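> A predicted structure for the sequence below; I have some questions about it.
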Amino acid sequence: QVQIVESGGGLVQPGGSLTLSCTASGSIFTILRMGWYRQNQGKQSELVATITSGGTTNYLDFVKGRFTISFDTANNTVYLQMNSLKPEDTAVYYCNAFILTTLTPRPNHYWGEGTLVTVST
């Protein structure tokens, strides 16, 4: 019913920048919120940033001032601009979308497959 496709991961040196993008498609009635989570080996998944359809944002304290999330509601696409990257930002980043579809009466969470971000020299 819903497909979540991420792109933009890769290898970057400390201090560098990357932009992740995520597009939702399918039987979408409305997207309530989109965001990014990440998981590093041996650590629990953590919320990185979220944004509502109205533009309200929420960030992990560790990324505040370095990462910016934005939402192109016309194209159902969320972006995560990551600047001043640190080795500690290395993780698999997963896109999450909280969507009300045309097929179900209640919204549900949908996940992408993840994209690897590696910050290293």
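That came through, no problem. All figures in this text were calculated on a predicted structure; none of them were measured in a lab.
> how about Gly10: what's its closest non-neighbour residue?
Leu18 (6.4 Å; CB to CB, 6 or more residues apart in numbering). Placement of C-beta: from N, CA and C, glycine included.
> residues near that neighbour, how many?
The tally of other residues near Leu18 (other CB atoms under 10 Å) stands at 21.
> and what of Gly114?
By other CB under 10 Å, neighbour count at Gly114 equals 16.
> if we can go back for a sec, distance of the residue nearest to Gly10 relative to Leu32?
26 Å (CB to CB, to the nearest Å).
> buried set for whatever helix or strand Val5 lives in?
Per DSSP states H and E, Val5 falls inside strand 2-7. By 16 or more other CB atoms under 10 Å, the buried positions in strand 2-7 come out as 2, 4, 6.
> now do the SS call for the residue in the chain sticking out farthest from the centre.
Note on the chain: the largest C-alpha distance from the chain mean falls to Pro105, namely 24.8 Å (CA atoms, centre = their mean). Assigned with DSSP: H, G, I helix; E, B strand; the rest coil, Pro105 falls in the coil class.
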